[in-house]
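Q: Here you go, sequence then predicted model.
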Amino acid sequence: MYKEVIAHIRSLFGEDEAFIPLHAPWFGGNEKTYVLDTIESTFVSSVGAYVTRFEEMMAELTGAKYAVATTSGTTALHLALITAGVQPGDEVITQPLTFVATANAIAHSGANPVFVDVDRDTMGMSPGALRQFLDENAAVRDGQAINKHTGKRIAACVPMHTFGFPLRIDEVQQVCSEYGIALVEDSAESIGSYYKGRHTGTFGVAGVFSFNGNKTITCGGGGAIVTNDEAFAKRAKHLSTTAKIPHAWEFVHDEVGYNYRMPNLNAALACAQLEQLPAILENKRELAEAYSAFFKESNIELVRGIKESLPNYWLNTVMLENMEARDAFLQETNAQQVMTRPIWRLMNKLPMYAQCMHGRLDNAEWLEERVVNIPSSCRPGRGNIAITRKITDFVSQKL
Ligand SMILES: *Cc1c(COP(=O)(O)O)cnc(C)c1O
């Protein structure tokens, strides 16, 4: 039934028979050089020039004033929530259609996740659903949003840019500011994605990125927080380094901290990958265009994002007619060694989050039955893949 789709995906990747993964990393620049450099210098751990350089590059890329490197996207989210003032017993609003790490980070901070619906076209948090939920359930007292039913404070809101497609983040930000709720963007999937010309992750008090193995670019494992708030950046960094007061030899810590700082070894890989990002993004956009031309002629809809947005096309996404069609598509493509994957099971359906409060989730449920990701790796040898910047001089200077 989906023979033509499978043949077309195979032709796009130039693979007649081999397994085609959903998203493979690509290391075509200074990755080996920088990683070896950390080993030769012995600075492989939580101190080193690559960590600082990576933070500078993240700030430059996103246009945020500050960046703090972390061990993962999950720890970046956890740290951002704590730094934004989330306390045990608070509530944090997020979307039910997300990777589990979003909800887990909220739970790690001791808060309760609350789920509001997404928009169908962005697959990200719906500003309309957020406003409706708050209008019905929240009251502002002393500048803070209180859930009228539970009596708990709604401390933060964590929307997520699904598969790199930006959501209507300016409208979500507007609702949050009316209710005195801190906005922390889960931009784990949206490095290189822009909304109305602004990089995702820069609309709230903080934005969070992930560099896990299957993301657009990877450093093995790692994350970053970006913010324009100097005090926020300083406190997040302090908490990420065991809340140790800087001193040449003394070990004094002034609160319960975390060991969440990205090691220099990973940061070296991250710097090399960031250098490649423009070329990787261009390559991925070419693939998305090729998919677009193909699916236009078929009865399968390819997700393109909304016109105000420039997605990174991390994972190309199709919408099948219904759940039966989706299951047949998944079955046939995977049987033919072309990897495809359904969207996540909704958070409110997982055992640990089944008791969480939520609004109407019609769009999330509609999408859950239809959305499938198709192979989206960047394709070296096709289109433009080249080293765009060199930082070797800078780094050896600092070491
Ligand atoms: C990948 C991801 C994370 C977590 O990042 P890790 O680096 O894997 O901890 C968080 N949120 C979303 C939406 C993600 O896709």
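A: Thanks, I have it.

Q: does Gln174 really touch Leu134, like I thought?
A: No - using Cβ atoms under 8 Å, Gln174 is not in contact with Leu134, being 11.8 Å away. Any C-beta I mention is one placed from the backbone N, CA and C, and that applies to glycine too.

Q: neighbour-wise, which of these two wins?
A: Neighbour totals were compared for Gln174 and Leu134, and Leu134 leads with 23 against 16 (other Cβ atoms under 10 Å).

Q: so who does Glu17 touch?
A: Contacts for Glu17 (Cβ atoms under 8 Å, 6 or more residues apart in numbering) come out as Gln337.

Q: in terms of contact, does Gln276 touch Met57 like I think?
A: No - contact criterion Cβ under 8 Å: Gln276 and Met57 do not qualify, at 11.6 Å.

Q: Backbone dihedrals for the residue of the stretch 1-150 of the chain found nearest the ligand, both of them.
A: Proximity of the stretch 1-150 of the chain to the ligand (Cβ to the nearest ligand atom) peaks at Gly73, 2.4 Å away. With angles defined as degrees, to the nearest 10, Gly73 sits at phi -70, psi -40.

Q: who's in contact with it?
A: 101, 188, 208-212, 223.

Q: residue contacts, His108?
A: Residues in contact with His108 (Cβ under 8 Å, 6+ apart) are 74, 78.

Q: For Ala155, which non-adjacent residue is spatially closest?
A: Leaving out its chain neighbours, the residue that sits closest to Ala155 by Cβ to Cβ, 6 or more residues apart in numbering is Asp90, at 3.9 Å.

Q: tell me which parts of the stretch 201-350 of the chain are close to the ligand?
A: Neighbours of the ligand within the stretch 201-350 of the chain, by Cβ under 6 Å from any ligand atom: 210, 212, 223.

Q: Would you convert those residues into TSV that also reports pLDDT and secondary structure?
A: Below are these laid out as TSV (pLDDT from 0 to 100; DSSP: H, G, I helix; E, B strand; the rest coil):
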residue	pLDDT	secondary structure
Ser210	98	strand
Asn212	97	coil
Gly223	98	strand
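
Q: which one of those is nearest Asn348?
A: Ranked by distance to Asn348 (Cβ to Cβ), those are led by Ser210 at 22.6 Å.

Q: so that closest one makes contact with Ser190?
A: No - applying Cβ under 8 Å, one finds Ser210 not in contact with Ser190, separated by 9.9 Å.

Q: leaving aside the residues next to it on the chain, what's closest to Thr317?
A: Spatial nearest neighbour of Thr317, excluding adjacent residues (Cβ to Cβ, 6+ apart): Val303 at 4.1 Å.

Q: ok, that neighbour - contacts?
A: 123, 163, 165, 316-319, 371.

Q: ditto for Met319
A: Contacts of Met319 by Cβ under 8 Å, 6+ apart are 300-301, 303, 367, 370-372.

Q: 7 Å instead?
A: Counting by Cβ atoms under 7 Å, 6 or more residues apart in numbering, Met319 touches 301, 303, 370-371.

Q: How about Cys356?
A: 112-115, 348.

Q: and the closest residue to Tyr353 other than its chain neighbours, how far is that from Trp26?
A: Excluding the flanking residues, the one nearest Tyr353 by Cβ to Cβ, 6+ apart is Met347, at 4.8 Å. Plainly put, Met347 is 31 Å away from Trp26 if you go by Cβ to Cβ, to the nearest Å.

Q: Who has more neighbours out of these two?
A: Here Met347 and Trp26 are compared on neighbour count by other Cβ under 10 Å; more neighbours surround Met347, at 26 against 20.

Q: Hmm, Pro96 and that one touching each other?
A: Yes - contact criterion Cβ atoms under 7 Å: Met347 and Pro96 qualify, at 4.6 Å.

Q: what do the two both touch?
A: Residues touching both Met347 and Pro96 (Cβ under 7 Å, 6+ apart): Phe115.

Q: rewinding a little: so for the residue nearest to Tyr353, what pLDDT did the model give?
A: For Met347, the pLDDT comes out at 98.

Q: How about the backbone phi and psi for it?
A: Main-chain dihedrals, Met347, degrees, to the nearest 10: phi -60, psi -40.

Q: Distance-wise, check it relative to Ala354.
A: Distance, Met347 to Ala354, using Cβ to Cβ: 9 Å.

Q: before we move on, the earlier item: inside strands: which ones of the contacts of Cys356?
A: Judged by DSSP state E, the subset of the contacts of Cys356 located in strands is 112-115.

Q: ok, and of those, which contact the ligand?
A: With Cβ under 6 Å from any ligand atom as the criterion, no member of the ones in strands among the contacts of Cys356 is in contact with the ligand.

Q: and these, which two are the farthest apart?
A: Farthest pair in the ones in strands among the contacts of Cys356, by Cβ to Cβ: Asn112 and Phe115, 10.5 Å.

Q: Give me the more crowded residue out of those two.
A: More crowded of Asn112 and Phe115, by other Cβ under 10 Å: Phe115, with 25 against 20.

Q: Among the ones in strands among the contacts of Cys356, which one lies nearest to Asp16?
A: Among the ones in strands among the contacts of Cys356, Phe115 lies closest to Asp16 (Cβ to Cβ), at 43.6 Å.

Q: The closest one and Thr94 touch, don't they?
A: Yes - assessed by Cβ under 7 Å, Phe115 is found in contact with Thr94 at 6.5 Å.

Q: can you count the residues close to Ser177?
A: Applying other Cβ under 10 Å, we find 12 residues neighbouring Ser177.
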